[in-house]
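>>> Any chance you could fold what I've pasted below:
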Amino acid sequence: MSNTEKATFAAGCFWGVEDAFMQVPGVIATQVGYTGGHTENPVYREVCSDTTGHAEAVEVEFDPTVVSYETLLDLFGQWHDPTTLNRQGPDVGSQYRSAIFYHSPQQEQMAQAAKSRWDQSGRFSRPIVTEIVAASVFYPAEEYHQKYNQKHGRHCGI
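Take a look at the predicted model:
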């Protein structure tokens, strides 16, 4: 197998975000979880209380020879509203914030460039509020959240 890289994104409810990334050629694996907060080993109920500082996020393992990080960033920017602070659709709270958790200085630069492109595109009438922060500990969510849409035949979209 070729070398793979990680990317981590938060864009509201992680079920739909994971499902969307699973459809992208070159994405090898995904897992949903919690990151960006201060509580160790959080569980869903705690994250939903909006007191842990964590975001619902998706960790993506991808093959950069098949899909670039820049492409993943562009898809992420299309799949959610990066102008709403601490919410996506009906989901409200900092756990539903828009965030890119970068894993290298190169990813940070590419994320900043993507955010700038989105801001200048004219597609959005409000400023982009997507956070760009260094990846920290990623706590996998409980097993029943992993591949949720696939397991339940649902489409919790983004």
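>>> what's the longest helix belonging to the chain packed up against?
Counting residues, the longest helix found in the chain (DSSP state H) is helix 105-120. Using 3 or more C-beta pairs under 8 Å, 6 or more residues apart in numbering; DSSP states H and E as the contact criterion, the elements in contact with helix 105-120 are helix 69-79, strand 98-102, strand 131-134. All C-beta spots, glycine's among them, are computed from the backbone N, C-alpha and C.
>>> which residues sit against it?
7, 69-70, 73-74, 77, 82, 100, 102, 124, 127-128, 130, 132, 134 (C-beta atoms under 8 Å, 6 or more residues apart in numbering).
>>> That one - what's its average pLDDT?
The average pLDDT within helix 105-120 is 96.
>>> now the strands for this structure?
Per DSSP state E, the chain carries strands over the ranges 5-11, 27-35, 55-62, 87-88, 91-92, 98-102, 131-134, 139-140.
>>> Show me where the protein dips below the pLDDT cut-off.
Residues of the chain meeting the criterion pLDDT under 70: 1-2, 143-146, 148-158.
>>> rerun that using 50 as the cut-off
Counting by pLDDT under 50, the ranges of the chain that qualify are 1.
>>> ChimeraX command for the buried members of the contacts of helix 105-120?
Filtering the contacts of helix 105-120 down to the buried ones (16 or more other C-beta atoms under 10 Å) takes a single ChimeraX command:
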select :7,69,73,77,82,100,102,128,130,132
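>>> still on that earlier bit, rebuild the strands of the chain as CSV, extending it with distance to Lys147.
Shown next, in CSV, are the strands of the chain (distance: least, C-beta to C-beta, whole Å):
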stretch, distance to Lys147
strand 5-11, 16
strand 27-35, 8
strand 55-62, 11
strand 87-88, 20
strand 91-92, 19
strand 98-102, 21
strand 131-134, 26
strand 139-140, 12
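>>> Of all those, which one is nearest Val47?
strand 27-35 (5.2 Å; C-beta to C-beta).
>>> hang on, isn't Glu131 packed against Asn86?
No. Using C-beta atoms under 8 Å, Glu131 is not in contact with Asn86; the gap is 10.3 Å.
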